Each structure stands twice: as C-alpha cells, then as structure tokens.
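*Asks:* Need the 3D shape of this:
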Amino acid sequence: MRLRPGLSLRYGDRVVRPAIQTLLPTVIEAGELARSFFRNVTAERKPDHTLVTAADRAVEKFLTPRLSELVPGARILGEEFGATGSSHAACTVTLDPIDGTAAFIAGLPTWCITIGLLRRGVAVGGVTYLPMTGETYAADEDVAEWNGRALGPTTAPERGDLFMLTHSEFHRGEARRFPGKIRSLGSTAYHMALVARGAATAAILGRPHLWDIAAGAAMLRAIGGELRYRSGAVVDLGALLGGERAPEQMVAAAPGAIDEILKSLGPTP
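*Replies:* As a prediction, the model looks like this:
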C-alpha cells in the first residue's frame, strides 16, 4: 500500500496516529482466522433475526484488543459485542468481523472484514478486506486505494454493463428508470468499495449500521463520491455512533451521480 504514514487524531492532550498500513497485517491475519471457518459453520439467528456464526464472534474477539492497542484511546464499536472504550473518545474504530454473513454461510466469496476510523463522527479512514479474493480496499483522509492502485474521481469505470448494487430486499420495480442492471453480492461494505472503485455507479444500502458503512464512507469521501439517504438528506455518521440502525435507506454513489440515481429510485419507501 502507498498510503500516508497515518492519521493524526487528538485524544485529550495527546495525539494518536492510527496508521492505516499498520492496521492491514492485523486485518489480514483476522481474514485467515475467518477462512478457517469458511464452509464449516452453523448458521444462528440473533434476537434481531439477523444471521451470525462462530466465525463472526471469533474474528471480533481477535480484532478488538488488537485494534485497541493499535489505536490507543479509541472507542471500538463492533457488531457482535458492542462498544468498548470512552464514549468521549475523539476517535471511534468500527468493526464488522464478517460483513456478508449470509454469503459466508452460503459458501460464496463476497464477504469481507471491514474496519472504519471516525474522527468526531466523520469517516477519515478504513479497510475492507476480502480474504477469498485477496482484494484490499483502504482509505486515509483524501487517499483511497484498491490493491495499491490509487482511486479518485477520474478513475475510469471498468468495461462492461452499467450496474447498480442493492441490498437483498430491494425490488427491481423501485429502480425501473435506472438504465443498467441491478445486482446484489451480499455485502454492504463490498458494495460501497465497488462504487469507490468505479465498478458500480451506485449502491442501495438498506438501513445499515455504522460498522457496515464507515470504511466505505471514508473511501467515498476520498474520491468525491456521496452518501445520502433515499430522501436526499446527507448522512450524518455521528448520529449512528451508538450502533443504531440508520433511520432510512442509504444510497452510495459515484462522483456526480447521486441526483440521477435518486430520481431513478423514486419516492422513499
């Protein structure tokens, strides 16, 4: 990776520097742990009826203490075990140990491990790593990369059919004015990474939690993309720091595309 040495985040009277490249080896090691469970797990249902496996819990237990060491003084907000650290911390690290658990259970390769860095409620960095494909997406302030390749607003779209990514409950009729194809790969974080990469024009994200979108929001911010609610309102990540689900569906869009995408979707359901 060619990312900068690190982000400078003030916590109290001292400065912590959670360098993105120093987090990558730990995230990749967590990916190997997750791979050891792949195609050998039993699906469970949490009280909210979402899926979980022993792999989700094992990866979060592995990462939480290590991220606390790598980003001293930060609050860690994970999907499976909630938050640790001070609620007044300048920096929050979000953690989704396996984003795309349904894909993981089905034996599909489109799941990922994703961590995000927020400073005072603003996404400033993050990593999304797909262990089965070896893809690494990372953001650090105004720099975003895919496997070491710089991404930006002038990144040429990949050749092929125009497409938009959606969550699993999205119905094709809601986007009948979108001229391209509709696809769902099972991972909110991966969907956002593909928008940042220029592979997809946009992604409809459902009503995600902060740990699903923090890394992707940092990538979009770096390339000039946008993250909005279906109503058109700008997403305030700080309002989701408690771990609550977003109040309405979100849309992640490539630079300059958000208005047309929102028009193609029609009214907020």
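*Asks:* Work out for me the element Asp212 sits within.
*Replies:* If you go by DSSP states H and E, Asp212 is part of helix 210-223.
*Asks:* Quick check: what element follows that helix along the chain?
*Replies:* strand 226-229.
*Asks:* Quick one: mean pLDDT for that next one?
*Replies:* Per-residue pLDDT over strand 226-229 has a mean of 96.
*Asks:* How far away from the center of its chain is that strand?
*Replies:* 14 Å (C-alpha atoms, centre = their mean, to the nearest Å).
*Asks:* Let me see the mean pLDDT of the helix or strand containing Ala150.
*Replies:* Per DSSP H and E: Ala150 is located in strand 149-151. When pLDDT is averaged over strand 149-151, the result is 92.
*Asks:* Low-confidence stretches in the stretch 151-269 of the chain?
*Replies:* The stretch 151-269 of the chain contains residues with pLDDT under 70 at 154-165, 167-181, 266-269.
*Asks:* So which residues of it form helices?
*Replies:* 188-197, 210-223, 258-265 (DSSP state H, counting those that start in this stretch).
*Asks:* Please render those helices as CSV that adds mean neighbour count to the earlier fields.
*Replies:* The way it works is simple: take the backbone N, C-alpha and C, and place the C-beta from them, glycine included. Formatted as CSV, the helices of the stretch 151-269 of the chain follow (neighbours: other C-beta atoms under 10 Å):
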stretch, mean neighbour count
helix 188-197, 29
helix 210-223, 28
helix 258-265, 17
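*Asks:* Select, out of those helices, the one closest to Gly116.
*Replies:* Nearest to Gly116 among the helices of the stretch 151-269 of the chain is helix 210-223; the distance by C-beta to C-beta comes to 2.3 Å.
*Asks:* From the chain's centroid, how far away is the closest one?
*Replies:* Here helix 210-223 is found 6 Å from its chain centre; the criterion is C-alpha atoms, centre = their mean.
*Asks:* Can I get that helix in PDB, CA atoms only?
*Replies:* Written as PDB, here are the backbone C-alpha positions of helix 210-223 (Å, rounded to 0.1, in the frame of the first residue of the first chain):
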ATOM      1  CA  LEU A 210     -22.200   2.300  11.300                       C
ATOM      2  CA  TRP A 211     -19.900  -0.700  11.200                       C
ATOM      3  CA  ASP A 212     -21.200  -1.600   7.800                       C
ATOM      4  CA  ILE A 213     -20.500   1.700   6.100                       C
ATOM      5  CA  ALA A 214     -17.700   3.600   7.900                       C
ATOM      6  CA  ALA A 215     -14.800   2.300   5.700                       C
ATOM      7  CA  GLY A 216     -16.900   2.800   2.600                       C
ATOM      8  CA  ALA A 217     -17.900   6.300   3.600                       C
ATOM      9  CA  ALA A 218     -14.200   7.200   4.000                       C
ATOM     10  CA  MET A 219     -13.500   5.800   0.500                       C
ATOM     11  CA  LEU A 220     -16.400   7.800  -1.000                       C
ATOM     12  CA  ARG A 221     -15.200  10.900   0.800                       C
ATOM     13  CA  ALA A 222     -11.700  10.400  -0.600                       C
ATOM     14  CA  ILE A 223     -12.800  10.100  -4.200                       C
END
